[in-house]
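Asker: Provided below for reference: sequence and predicted model.
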Amino acid sequence: MSTDAIVLLRDDHKEIRKLFRAFQAAGADAKATKHNLVDKIVEALTVHTYIENEVMYPKVRVLVPDLESDILESFEEHHVADLLCAELDLMGPDDERFDAKTTVLIESVSHHMDEEESDWFPKVRAALGRKELQEIGARMIEVRANAPRRPAQPGALKKAATALFG
């Protein structure tokens, strides 16, 4: 198994795209199948965005300051994906917006992954050496082991703070 950070992220993208295709291929009456696939999509995206946000983006931001605006945009795209995942995590396949919300998530994340692969990854690879990418990848593997598998629910932090501090 490679520890190159970009290879690891591309592998994640392949798995996520596979889940997206399975959802899109499921029939309109395949509610249980779609619910199961969305559960897997939410978990895969929660882990993936976590390791990028916690390891890859901060490290590249320090090592390649010219990519600051790309990284900030990626953080925002992840934020949107995280919100959609949190909403989907609370929904069932009978909810009238379940398929529509999943479709929006798929479109948004697909655009983000395409942009990373065609534009951002080549810039990062050109700026960083093999050893640096392997070190980042090794750290991503470590962090992945304890990464959250379910999204934080909107308002959960506010509720916790209110409970603690009134």
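Answerer: Sure thing, it's come through.
Asker: Beyond the longest helix along the chain, next helix or strand please.
Answerer: Using DSSP state H, we find that the single longest helix of the chain is helix 68-90. For helix 68-90, the succeeding helix or strand toward the C-terminus, using DSSP states H and E, is helix 98-115.
Asker: Show me what that following helix is packed against.
Answerer: Under the contact criterion of 3 or more CB pairs under 8 Å, 6 or more residues apart in numbering; DSSP states H and E, helix 98-115 touches helix 5-25, helix 31-51, helix 68-90. C-betas here are computed from N, CA, C, even on glycine.
Asker: Low-confidence stretches in the chain?
Answerer: In the predicted model, the chain carries pLDDT under 70 at residues 1, 153-166.
Asker: quick one, phi psi at residue 129?
Answerer: In terms of degrees, to the nearest 10, the main-chain angles of residue 129 are phi -80, psi 170.
Asker: contacts for stretch 8-25?
Answerer: Stretch 8-25 has contacts (CB atoms under 8 Å, 6 or more residues apart in numbering) with 2, 34, 37-38, 40-41, 44-45, 48, 52, 56, 102, 106, 109-110, 113, 116-117, 121, 137, 140-141.
Asker: Please pick the buried ones from the residues you listed.
Answerer: By neighbour count, with 16 or more other CB atoms under 10 Å, these hold 34, 37-38, 40-41, 44-45, 48, 52, 56, 102, 106, 109, 113, 116, 121, 137, 140 as buried.
Asker: From residue 65, how far off is the residue lying closest to residue 40 once chain neighbours are set aside?
Answerer: The shortest distance from residue 40 to any non-neighbouring residue, by CB to CB, 6 or more residues apart in numbering, is to residue 19 (5.5 Å). From residue 19 across to residue 65, the span is 34 Å (CB to CB, to the nearest Å).
Asker: higher neighbour count, those two?
Answerer: residue 19 (19 against 10; other CB atoms under 10 Å).
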